[in-house]
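Here is my input; please provide its structure:
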Amino acid sequence: MKLQQLRYVAEVARRNLNVSDAAEALYTSQPGVSKQIKLLENELGVTIFERSGKRFVGITEPGRAIIEGAERILREAENLKRLGKEHAGGDSGALVLAVTHTQARYALPPIIRAFVERYPKVELALRQGTPEQIAEWLEEGEADIGVSTEGLDNHSSLVTLPVRQWHYCVIVPAGHAALKIPRLSLSALARWPLIVTSAAERMGLRAAFQRQGLEPQIALTALDADVIKTYVGLGLGLGIIADFAFDPARDTDIHCLDAAHLFESSTTRLGLRRGVFLRRFEYDFIQFFAPHLDRHAVERTLQGGGGDYQL
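Now for the predicted structure:
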């Protein structure tokens with residue numbers, strides 16, 4: 001039995017039994033993957049994957065147990081490598097962060113600066129993507145830490161930790177009638193075209209209107225706050241963004257109106273692979289970003305202990 005064979009089995013399962021996709025992800029050939037899986041099945045004396053001709057069409061009952069064990073062994077093998085690197089050079093290495101654009105642009109800059117000053121020998125990489133991409137990169141080991149408001153809780157291989165709560169705000173161009181309203185309401189917002197993030201749509205923004213018998217005029221859905229600001233500045237509608245994404249020093253051509261009373265608060269979360277061994281600089285990055293999460297709390301969560309953290 002070889003680690004390579006376990007890696008092939010786990011990757012095929014992860015790729016919905018598509019051997020071609022698994023081979024591409026592992027930088028090898030499809031016949032090579034199939035051959036090594038067959039050799040492993042022969043050695044173990046059980047069939048892992050159900051077949052129809054040369055295609056894998058299902059996973060057998062013992063196969064599920066083997067895949068689970070293979071993933072556990074691969075995680076421990078990765079942890080051993082990380083442990084060795086920690087003792088060989090704790091202040092150097094690489095850290096890949098998977099983040100949304102809004103987090104990278106507005107929440108992380110002071111954290112990144114503090115981290116780089118503390119660990120100048122650590123090669124830091126930011127991978128920006130959607131919440132779904134962030135979860136995928138974490139699961140596949142292509143990122144070490146993920147930062148997102150949504151999309152991480154639905155993956156059993158990941159654990160999440162709360163960082164901070166935030167609210168939505170409404171951004172409007174200079175001179176807009178909304179600036180004359182003493183206290184903004186959903187009924188008032190429903191009168192104007194709105195520009196929102198796709199995340200806000202998924203997280204129930206439209207439902208907040210509908211609970212009051214209103215239907216919002218969604219004129220445009222964008223991926224990040226900067227795009228929304230651009231189109232608000234052009235007068236195409238009012239924008240709804242995370243409050244921390246408004247920068248009064250830079251966003252001088254638009255105004256920000258409080259909307260905490262209109263929409264539910266949201267929570268930024270850190271995502272990590274369950275059971276992963278974190279190096280010292282990774283713990284320090286987490287503490288820079290979320291001071292309430294000490295090393296003990298993170299370790300307990302990674303090992304399945306959970307935790308109830310007040311923000």
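
quick one: low-confidence parts of the stretch 151-300 of the chain?
Filtered on pLDDT under 70, the stretch 151-300 of the chain yields no residues whatsoever.

could you pull out the strands for it?
158-166, 168-173, 193-197, 217-222, 238-242, 254-258, 266-273 (DSSP state E, counting those that start in this stretch).

Pick the most buried one from the ones you listed.
strand 238-242 (a mean of 26; mean count of other CB atoms under 10 Å). No exception for glycine: its C-beta is placed from N, CA and C like everyone else's.

tell me what that strand is packed against?
Counting contacts by 3 or more CB pairs under 8 Å, 6 or more residues apart in numbering; DSSP states H and E, strand 238-242 is packed against strand 168-173, strand 193-197, helix 225-233.

Compile these into TSV and extend it with columns for distance to Phe263.
Formatted as TSV, those follow (distance: least, CB to CB, whole Å):
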stretch	distance to Phe263
strand 168-173	5
strand 193-197	11
helix 225-233	15
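
picking that back up, please identify which of the strands of the stretch 151-300 of the chain is closest to Asp294.
Asp294 lies closest, by CB to CB, to one member of the strands of the stretch 151-300 of the chain: strand 158-166, at 11.1 Å.

okay, the angle between that closest one and strand 238-242?
120 degrees (axes from the mean of the first three to the mean of the last three CA atoms, to 10 degrees).

Mind giving me the packing neighbours of strand 158-166?
helix 131-139, strand 266-273, helix 295-302.

show me where the stretch 1-150 of the chain has helices.
3-14, 19-25, 30-44, 61-88, 101-102, 109-118, 131-139 (DSSP state H, counting those that start in this stretch).

mean pLDDT for those helices: which is lowest?
Ranked by mean pLDDT, the helices of the stretch 1-150 of the chain bottom out at helix 61-88, which scores a mean of 78.

Quick check: the gap between Gly175 and Leu17.
58 Å (CB to CB, to the nearest Å).

Which one of the two is surrounded by more residues?
The neighbour count for Gly175 versus Leu17, taken as other CB atoms under 10 Å, is higher for Leu17 (17 against 9).

Beta-bridge partners for the closest residue to the more buried one other than its chain neighbours, please?
Distance criterion CB to CB, 6 or more residues apart in numbering; nearest residue to Leu17, sequence neighbours excluded, is Phe56 at 4.1 Å. Going by DSSP bridges, Phe56 is paired in beta bridges with Arg51.
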